[in-house]
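Asker: pasting the sequence and the predicted model now:
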Number of protein chains: 2
Amino acid sequence: MEHKPNIHDVAKLANVSIATVSRVINGQGGVRPKTEERILLAINELGYIRSAAARTMKKKETKTVGVIVPDIKNPFFPIVMAGIEQKAREKGYFTILSSTDESMAVEENIMRNFIERGVDGVIVTTANENSDHLKLLETQGIPIVAVDRVLNKLSVDTVLVDNEQGAFDAVSHLIKLGHERIAIICGPLDTTPASRRLMGFKRAMNENGLAVNSRFIVQGNFQEDGGYQAARKLFSQKERPTAIFSSNNLMSLGCLKAMQDLNWKLGQEVAFVGFDDIDIATLIEPRLTVVSRPMDHLGELAFQMLHERMLAKEHLPKREFILSPELIIRDSCSRM
Amino acid sequence: MEHKPNIHDVAKLANVSIATVSRVINGQGGVRPKTEERILLAINELGYIRSAAARTMKKKETKTVGVIVPDIKNPFFPIVMAGIEQKAREKGYFTILSSTDESMAVEENIMRNFIERGVDGVIVTTANENSDHLKLLETQGIPIVAVDRVLNKLSVDTVLVDNEQGAFDAVSHLIKLGHERIAIICGPLDTTPASRRLMGFKRAMNENGLAVNSRFIVQGNFQEDGGYQAARKLFSQKERPTAIFSSNNLMSLGCLKAMQDLNWKLGQEVAFVGFDDIDIATLIEPRLTVVSRPMDHLGELAFQMLHERMLAKEHLPKREFILSPELIIRDSCSRM
DNA sequence: ATGAAAGCGCTAACAG
DNA sequence: CTGTTAGCGCTTTCAT
């Protein structure tokens, strides 16, 4: 075969015009069965596959949505992505997934690329809340849905879990159990989830008349090593916390590893609640109490909202969809 | 703004021809600095972004590689994908990721889509070894690299870990410890890794003069529930195995949960080795002995090979790149 | 039921 | 250094 076959080749072989071939390819009907058959045969023989590029040029539509996450290695995201992909497939959309490795530069780059490719919509969890580059999308009239992030400056839909409430519930639980020296391992505070979870922590402390000790607020990075360092830091203090709230799954992992290395007895010497349920939660002893959220549902919802926006002709108002997290009480928080 | 700005709009605003604009966009030089500046200004003012579709039509190249994995929720794949994305980015390629949910139909669909979009290459871990739909790619002259799969019928490059050896090492270790009633939880046997791991298991048994008891070969599905069921099945036998080799990470998880539910004491009543290192491995008591493989490296290597193929003008011979797994001995296999 | 022809936005050869 | 022009492969009127 010389070059990739195109619509002309098919037309010639089937002895029809390219217009007719196009009609068949797109199932528009109005073609005599015999003719159609002949065309189908030709397509098969040539192994013809239509060019998305050429098609896009005419139709200005790609049936494609772009998805951007900051860290594909964080198990939270693959689950969300799977939810998105699933729903998108149902609706006849194709998803292109990308991970930015938490880099703003990469994120911007991917954005541009999405625009160049003419995606019909974008679902994004930005690396941080600085959403200037998203303006570009908005300018182009491309619908956006944010997952687990609040983008104040933009009129985009948002799907998230009530982070503040989740943290509040977790810490309240700890307090109810008699804990007073409670520590929080935070994520990057320029990020909605991290700051909201910290707010929930503070509110729980305040509403229960407990002072927030700044030495018990330790900065992490939403990565395993951050949790590890944070736990060590807490352990090294003269007066240690009796309970720890970890702001995300990866840091929980690191935290747990640190406790193990330090021989800091989980559940006995220190109570623990983590944000997000993780594999190990029910496999270690004691089993972990966690704040759980419906991740796949999050993804499905995100696509749903995007889909509505893509179909809508006029401009929709900004919407926010807040799901409730659930505190799953297991055994890692003994009474004080 | 009426319509999305195109190269003509920019040309008009900058008072030059579209050819000159094109030169600037593509950094081809040979444009008077003053002119270039004017054009850049116009681009900025209009918010112009070039259309990938139009570009692709001319250049027959997209600088894009498609990646297909069967299950994005299996933590193995995100790590491989991250490796691919990373290396691709370095080389100026864009990756589009897709998960098939283990469905052959979906996989075929995605394949077509990749071809329509004109990807320059594809990295794939097929759901099963039936690679007929990959023929299409081959016909189109699109380079393919298989990860963790052997595609006999196709002349594609393959990157994998020595599955047989990994299983052999694991089981040999068990045998050396005095175990004789050793069970294996298999994956879908129409898949390279599953069948190779089973072969490794058998070889280890044979070479050590141990009979392979068919009741100890239980079929799983590479999913958590499969591991769970399998462990229960093994537990229910009148004569239980004293050691279990689990063929993948997800099944290890299920297996462990089952043991917990059954109160089947890991490390005491039953030894355990799993294929692939997992988060929980060092967090549970006893710590898990596992076969570990360099997943990110796997991804990087895959892109490397694909890259070479994409650049090569002539047809390269089929290559196979086999990495060595490593048995990490921890505490889940006591002496018999 | 089918065909002819006009672009979609871009790149690259050629001309100046 | 810059402009003109011919397509790339397809969809879509408008004719027939």
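Answerer: Cool, the structure landed. Numbering: from 1, shown residues only, chains lettered A, B, ... in the order given.

Asker: in chain A, which spans are strands?
Answerer: A:64-69, A:94-99, A:121-124, A:144-147, A:157-161, A:182-186, A:217-219, A:243-246, A:271-275, A:289-292, A:320-323, A:326-328 (DSSP state E).

Asker: number of residues surrounding the closest residue to residue A:187 other than its chain neighbours?
Answerer: In space, and not counting its chain neighbours, residue A:187 is closest to residue A:194: 3.3 Å by Cβ to Cβ, 6 or more residues apart in numbering or on different chains. Quick note: C-beta positions are derived from backbone N, CA and C, even for glycine. By other Cβ atoms under 10 Å in any protein chain shown, 22 other residues sit near residue A:194.

Asker: now the helix or strand of chain A with the lowest mean pLDDT and strand A:64-69, what's the angle there?
Answerer: Ranking every helix and strand in chain A by mean pLDDT, DSSP states H and E puts helix A:132-139 at the bottom, with a mean of 87. Angle between the axes of helix A:132-139 and strand A:64-69 is 170 degrees (criterion: axes from the mean of the first three to the mean of the last three Cα atoms, to 10 degrees).

Asker: and helix A:132-139, C-alpha only, in PDB?
Answerer: Output of helix A:132-139 as PDB, limited to C-alpha atoms (Å, rounded to 0.1, in the frame of the first residue of the first chain):
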ATOM      1  CA  ASP A 132      -4.800  32.100  35.300                       C
ATOM      2  CA  HIS A 133      -4.100  29.600  32.600                       C
ATOM      3  CA  LEU A 134      -7.600  28.400  32.700                       C
ATOM      4  CA  LYS A 135      -8.700  31.800  31.600                       C
ATOM      5  CA  LEU A 136      -7.500  30.800  28.200                       C
ATOM      6  CA  LEU A 137      -9.900  27.900  28.100                       C
ATOM      7  CA  GLU A 138     -12.700  30.200  29.200                       C
ATOM      8  CA  THR A 139     -11.800  32.700  26.500                       C
END
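
Asker: let me know the pLDDT of the nearest residue to residue A:4 once chain neighbours are set aside.
Answerer: Leaving aside its sequence neighbours, residue A:4 sits nearest to residue B:140 (Cβ to Cβ, 6+ apart; 6.4 Å). pLDDT, residue B:140: 89.

Asker: I'd guessed residue B:140 sits against residue A:3; true?
Answerer: No - in this structure, residue B:140 is not within contact of residue A:3 by Cβ atoms under 8 Å, at 10.8 Å.

Asker: between the two, which is the more surrounded one?
Answerer: With neighbours defined as other Cβ under 10 Å, residue B:140 and residue A:3 compare such that residue B:140 has more, 16 against 7.

Asker: any idea how far the more buried one is from residue B:244?
Answerer: For residue B:140, the distance to residue B:244 (Cβ to Cβ, to the nearest Å) stands at 45 Å.

Asker: circling back: and the least confident helix or strand of chain A, how far from the chain's centre?
Answerer: Helix A:132-139 sits 19 Å away from the centroid of its parent chain (Cα atoms, centre = their mean, to the nearest Å).

Asker: quick one: it near DNA strand C?
Answerer: No - using Cβ under 7 Å from any atom of the strand, we find that helix A:132-139 stays clear of DNA strand C, coming within 14.9 Å at best.

Asker: who's in contact with that helix?
Answerer: A:104, A:107-108, A:111-112, A:114-115, A:122, A:124, A:126, A:144, A:151, A:153-156, B:1, B:47, B:49 (Cβ atoms under 8 Å, 6 or more residues apart in numbering or on different chains).

Asker: out of the residues you listed, which end up buried?
Answerer: Among the contacts of helix A:132-139, those classed as buried by 16 or more other Cβ atoms under 10 Å in any protein chain shown are A:107-108, A:111, A:114-115, A:122, A:124, A:126, A:144, A:151, A:154, A:156, B:49.

Asker: and which of the residues you listed is nearest DNA strand C?
Answerer: residue B:49 (7.3 Å; Cβ to the nearest atom of the strand).

Asker: quick check: phi and psi at that closest one.
Answerer: phi -130, psi 130 (degrees, to the nearest 10).

Asker: and it, what does it touch?
Answerer: A:112, A:115-116, A:136, A:140, B:4.

Asker: could you report the separation of it from residue A:61?
Answerer: Relative to residue A:61, and taking Cβ to Cβ, residue B:49 is found at 16 Å.

Asker: hang on, the earlier thing: dump the contacts of residue B:49 to TSV, plus distance to DNA strand D.
Answerer: Output for these, formatted as TSV (distance: Cβ to the nearest atom of the strand, whole Å):
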residue	distance to DNA strand D
A:112	21
A:115	19
A:116	16
A:136	25
A:140	20
B:4	16
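
Asker: of all the residues you listed, which comes closest to DNA strand C?
Answerer: Nearest member of the contacts of residue B:49 to DNA strand C, counting by Cβ to the nearest atom of the strand, is residue B:4, at 6.1 Å.

Asker: so what's the closest one scoring on pLDDT?
Answerer: Taking residue B:4 on its own, its pLDDT is 88.

Asker: can stretch A:16-23 be said to contact DNA strand C?
Answerer: Yes - Stretch A:16-23 is in contact with DNA strand C by Cβ under 7 Å from any atom of the strand, via A:16-20, A:23.

Asker: pLDDT on that stretch, on average?
Answerer: Stretch A:16-23 comes out at a mean pLDDT of 96.

Asker: how far away from the center of its chain is that stretch?
Answerer: Per Cα atoms, centre = their mean, the centroid offset for stretch A:16-23 relative to its chain is 43 Å.

Asker: one more: stretch A:61-75?
Answerer: On Cα atoms, centre = their mean, the centre of stretch A:61-75 falls 8 Å from the chain's centre.

Asker: ends of it, how far apart?
Answerer: By Cα to Cα, to the nearest Å, the extent of stretch A:61-75 from end to end equals 32 Å.

Asker: and the stretch 1-150 of chain A, which residues reach DNA strand D?
Answerer: A:3-4, A:6-8, A:18-19, A:22-23, A:25-26, A:48, A:50-51, A:54-55, A:57-59.

Asker: so, low pLDDT: which residues of chain A?
Answerer: Scanning chain A for pLDDT under 70 picks out A:1-2.

Asker: how does it divide into domains?
Answerer: A:7-50, A:64-161+A:295-323, A:163-293 (automatic domain parsing).

Asker: for residue B:263, which of those is the nearest?
Answerer: Of all those, it is domain A:163-293 that lies closest to residue B:263, at 12.6 Å by Cβ to Cβ.

Asker: start to end distance for the closest one?
Answerer: First-to-last distance for domain A:163-293 - Cα to Cα - comes to 10 Å.

Asker: not counting its neighbours along the chain, what's nearest the residue in chain A that DNA strand D sits nearest to?
Answerer: Among the residues of chain A, residue A:7 lies closest to DNA strand D, at 2.8 Å counting by Cβ to the nearest atom of the strand. Leaving aside its chain neighbours, residue A:7 sits nearest to residue A:18 (4.9 Å; criterion: Cβ to Cβ, 6+ apart).

Asker: got a list of what the one you found touches?
Answerer: A:7-8, A:10-11.

Asker: measure residue A:60 to residue A:142 for me?
Answerer: 12 Å.

Asker: for residue A:130, that is, sorry about that
Answerer: For residue A:130, the distance to residue A:142 - Cβ to Cβ - is 19 Å.
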